[in-house]
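**Student:** take a look and give me a structure for this.
(chains A and B)
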Amino acid sequence: SQTIHQWPATLVQPVGSPLSLECTVEGTSNPNLYWYRQAAGRGLQLLFYSVGIGQISSEVPQNLSASRPQDRQFILSSKKLLLSDSGFYLCAWKRRSGDTEAFFGQGTRLTVV
Amino acid sequence: GENVEQHPSTLSVQEGDSAVIKCTYSDSASNYFPWYKQELGKGPQLIIDIRSNVGEKKDQRIAVTLNKTAKHFSLHITETQPEDSAVYFCAASISAGSTLGRLYFGRGTQLTVWP
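**Tutor:** This next block holds a predicted model:
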């Protein structure tokens, strides 16, 4: 069966510090991978998605970047965090076909202080 | 791109009553419509989905209806229970083109079921 791991679960970081959130998927190959952010107000904002190793599409300009060094590994990074980067970050994977569900990780609660 | 609108943003019902959440979408090419439930501090989980060749789908107390002509779909929860309290998201997906596989989410509905 397929599983998705996301860590850490919670993180408190000072303004200006770097960030690295990691997500790995097991039990599938060539998944589409996604990073979402969920701020207060509950909406799921798509930040990045990837259809293959080294292929990253950014949905919104921001202080964050993403990388996919391996087929089932997706990393969200920042060189210098801002207060506005606080939120709940979710990684998800999906099969390539259009009509299939996305599977979400358990999320990382990031607080920038 | 696709735009998904979801209403209401909050919904409170008494235990045992029914709850209905409605979504509309803009792109007629969308053909897959999942619904997710998100409990506090957790990632969303799929509860039911429907494809465009079907008008209604049921799974115990949960049902989803789709009207492709009007471009709207709805989630129906009957005999609600306190454990149904959560945030619910609708989404739409297009199965072809440059946005293949991308899910467009509504803004979510906070459902509260009072005992």
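**Student:** can you list the residues of chain A near chain B?
**Tutor:** The interface of chain A toward chain B, taken as C-beta under 8 Å from any C-beta of the partner chain, is made up of A:6, A:32, A:41-44, A:46, A:49, A:51, A:90, A:92, A:94-107, A:109. For glycine as for every other residue, the C-beta is placed from the backbone atoms N, C-alpha and C.
**Student:** out of those residues, which are inside strands?
**Tutor:** A:Gln6, A:Asn32, A:Leu46, A:Tyr49, A:Val51, A:Leu90, A:Ala92, A:Lys94, A:Ala102, A:Phe103, A:Phe104, A:Arg109 (DSSP state E).
**Student:** please give the number of neighbouring residues around the residue nearest to the first one when sequence neighbours are not counted.
**Tutor:** For A:Gln6, the nearest residue in space outside its immediate sequence neighbours is A:Gly105; the separation is 3.2 Å by C-beta to C-beta, 6 or more residues apart in numbering or on different chains. Under the neighbour criterion other C-beta atoms under 10 Å in any protein chain shown, A:Gly105 is assigned a count of 25.
**Student:** surely B:Gln45 meets A:Gln106?
**Tutor:** No. Counting by C-beta atoms under 8 Å, B:Gln45 does not reach A:Gln106; the two are 10.3 Å apart.
**Student:** for chain B, state which of the ones in strands among the residues of chain A next to chain B is nearest.
**Tutor:** A:Phe104 (3.4 Å; C-beta to the nearest C-beta).
**Student:** show me the contacts for residue 3.
**Tutor:** You didn't say which chain, so I picked chain A. By C-beta atoms under 8 Å, 6 or more residues apart in numbering or on different chains, the residues touching A:Thr3 are A:Val25, A:Glu26, A:Gly27.
**Student:** wrong chain, I was asking about chain B
**Tutor:** B:Tyr25, B:Ser26, B:Asp27, B:Tyr104.
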